[in-house]
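In: Need a 3D model of the sequence below.
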Amino acid sequence: MTAKRRKKKSNKGIIFLILTAIVAVIAFLTNPDELAHQKAMQARSGAVLSEIVAEQNPIIQTAWGLTGNRLLNEFVNAYVTTDNYYLFSVTKVNWEGQSYPVGAGAFGNVYITKQLNKNLIQPMIYDAKNKVINSVPPFLRIIFQ
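Out: Numbers count the residues shown, from 1 in each chain. Below is the predicted model of the structure:
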């Protein structure tokens, strides 16, 4: 190889390393924090839960309208965590001893998977609903049926 060709390859390598370093620094500086993950999870879960609640009886719809946002906030605060890998981060839901990755964050954005849908959330809703039904007196249980 000629000296000119070696220098040209060397310059390409240096440029590649510099660009990689710049992208890594930008990714590090713009990696979303846990609050951003929680907000994204709350928005996605809220949309899915609204779809589920729309199929319920009017009493449950009214109850969700009154307390739904508070319950969703509590759920997200209690069960949603973020694993930070410095250049990107992962949103996880911790439920019944299992940890489920449901999203990722990078470059200032959080992306929640479309897999977080009605089919995934519905069993959690039924579990919570059954716990509520079992905690009320028997004469009020008919309201929730």
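In: Next one: the closest residue in space to residue 117 that isn't next to it in sequence from residue 83, what distance?
Out: With sequence-adjacent residues excluded and distances taken as CB to CB, 6 or more residues apart in numbering, residue 117 is closest to residue 48, at 6.0 Å. C-betas here are computed from N, CA, C, even on glycine. Residue 48 sits 22 Å away from residue 83, going by CB to CB, to the nearest Å.
In: what about the two, which has more around it?
Out: Neighbour totals were compared for residue 48 and residue 83, and residue 48 leads with 18 against 15 (other CB atoms under 10 Å).
In: dump the residue contacts of that one.
Out: Residues near residue 48 by CB atoms under 8 Å, 6 or more residues apart in numbering: 116-118, 121.
In: Where helices are concerned, which of these count?
Out: Those of those mapping onto helices are 118, 121, per DSSP state H.
In: which of the contacts of residue 48 are buried?
Out: For the contacts of residue 48, a burial check counting by 16 or more other CB atoms under 10 Å picks out 116, 121.
In: Shouldn't residue 14 be within a strand?
Out: No. Counting by DSSP: H, G, I helix; E, B strand; the rest coil, residue 14 is not part of a strand but helix.
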